[in-house]
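S.K.: I'll drop the sequence and a predicted model, then ask my questions.
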Amino acid sequence: MTGAARCGAARLVADLARYPWLMSRAVGITGLGVVTGLGIGGEALWEGLLAGRSAIGPIRQFDATAFPVNFAAEVDAAVTVRDFVPKNYRKAVKVMCRDVELAVIGAARAIADAKMITKGITDGGEPTFAPNRVGCQIGSGLIVAEINELTAAFAKARDETGAFTMKRFGVEGMNELTPLWLLKYLPNMLACHVTIIHDCRGPSNTITCGEASGALSIGESRRVIERGDADVCFSGGAESKINMLALLRQHYTEMMATTAPDMDPGAIVRPFGTDAIGSLPGEGAAILMVESIETAQQRGARVYAEIAGFGATQSADLSTCPPKPDASGDGLADAIEQALRDTGIKADAIDAIVPMGCGQRQYDAAEVAALQTVFGLHLAKKPLVTTKPNIGLCAAATSALDVAAGALCVHHQALPARIAPGAVLDGLDAGATKQRDARLEYVLVCGSGFGGQNTAVVLKRHKQSA
């Protein structure tokens, strides 16, 4: 080696030491904090998917019989956030809305699943990571205020004739709300409570991009760890749309199926079905511990799967209300191609796909167009893992739940059962089937949000994940 070459190599080593993000760190998933209608924890999700069980049923949180949407996948009402926070933090529960509660529960389960210790879960030991090495990126929705809290305020905002007036709402009405009322409904409160409970002092962010929020947060966490700003991040999303106002909003997006109380709830959501009539709402959270493979190996942690590639794009017809998905599927196809290039593989290396598959015809058609662009005739040989008939469309948690499902497939080297009432579109492996073993080296998780954000995540089997 010449003197100049030696000097160049020395400068490179010095730069890598000074700027660790120049070295791409491998990143994986070491903890699954899943909350769905199927239960709490990754095991409950996996067992429900394997059995082909649906959590969709009549809405229990309020009387929805007169609503255009009567069914949803609800989390068990017996689950309480008080059981998942330290005793010294339980007073804060009063300023947690449903979305925050789901995120806090998911975070606690993720920590336990990853066998980590934090300030919020000490078990008498020292935290696994220094606080400044723990980040938090969580996807959130535009949270809707709870009706029961607004009712008293509205009642005080009527004039002498009984009509509602904004003037009285701003004076008498607002006095019925607690001073900290607004703090329950800010989208960043999910990450806020999680970071306070677990003493996360690394990079933190909130992403509000509809169904794409969870996967976008996972992509952000991966970048944070790759560039050396953290070793582990809480990542994913949480949201509940099972609320009177939120339910109507969902209906007006034209993504939801119009239902009647006498319908079979388990047969309504039909991903890629030739007679699909729409999706149904769910509530849930998927908070994942996204961690450097290096630190995971050092502490002997299980790695469900490596996050080998990520891609994101934007595409939607925003000239209409509600916005329509890009029928060509080009935006989603670009995101998938980005993720494949990031992974360093060709499309034929993908062994299975976890699509959004929401059961709404326009969104499903756009997704099929994207997959056909990327995989061509080989798409028919790629088994699809569909989750929406099991757990509903969980808004900001949707794509993170799909990543969790994909990671479980890779880890267990198996494909779950598939609920598919009726016929599905030609050229897709999406029909009803039982669980089966499979050799899965790479699994693609992809989908689009209501506002047109497209995401693609490639999960890779970790050599110690079997």
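M.R.: Good, I have the coordinates. Residues are numbered from 1 along each chain as shown.
S.K.: quick one: the strand or helix carrying residue 106 to chain centroid distance?
M.R.: Assigning secondary structure by DSSP states H and E places residue 106 in helix 98-113. In terms of CA atoms, centre = their mean, to the nearest Å, the centre of helix 98-113 is set 13 Å apart from its chain centre.
S.K.: list the helices and strands it packs on?
M.R.: Applying 3 or more CB pairs under 8 Å, 6 or more residues apart in numbering; DSSP states H and E, one finds that helix 98-113 contacts strand 27-36, helix 189-198, strand 232-240, strand 283-292. In short, each C-beta sits where N, CA and C put it, glycine included.
S.K.: okay, the angle between the last one and strand 232-240?
M.R.: Per axes from the mean of the first three to the mean of the last three CA atoms, to 10 degrees, the angle that strand 283-292 makes with strand 232-240 is 170 degrees.
S.K.: and the first one, by the same measure?
M.R.: Computed with the same axes, to 10 degrees, the direction of strand 27-36 lies at 30 degrees from that of strand 232-240.
S.K.: sorry, back to before: helix or strand right after the helix holding residue 106?
M.R.: Downstream of helix 98-113, the first helix or strand assigned by DSSP H and E is strand 134-139.
S.K.: can you list the buried residues in that following strand?
M.R.: By 16 or more other CB atoms under 10 Å, the buried positions in strand 134-139 come out as 134-139.
S.K.: try stretch 277-285
M.R.: 277-285.
S.K.: now do the contacts for the residue nearest to residue 51 when sequence neighbours are not counted.
M.R.: Spatial nearest neighbour of residue 51, excluding adjacent residues (CB to CB, 6 or more residues apart in numbering): residue 417 at 6.4 Å. Contacts here follow CB atoms under 8 Å, 6 or more residues apart in numbering; on that basis residue 417 touches 49-52, 433-435.
S.K.: again with residue 292
M.R.: 25-28, 225, 231-232.
S.K.: how near is it to residue 213?
M.R.: 23 Å (CB to CB, to the nearest Å).
S.K.: now do residue 370
M.R.: Counting by CB to CB, the gap from residue 370 to residue 213 is 19 Å.
S.K.: more neighbours, the two?
M.R.: Using other CB atoms under 10 Å as the criterion, residue 370 and residue 213 rank with residue 213 on top: 32 against 29.
S.K.: backbone phi and psi for that one, please?
M.R.: Torsion angles at residue 213 (phi, psi; degrees, to the nearest 10) stand at phi -60, psi -50.
S.K.: and the pLDDT at it?
M.R.: Looking at residue 213, its pLDDT reads 98.
S.K.: right, and it touches residue 237 too?
M.R.: Yes: using CB atoms under 8 Å, residue 213 is in contact with residue 237, at 4.7 Å.
S.K.: and for these two, which residues touch both?
M.R.: Taking CB under 8 Å, 6+ apart as the criterion, residue 213 and residue 237 both touch 139-140, 207, 395-396, 399-400.
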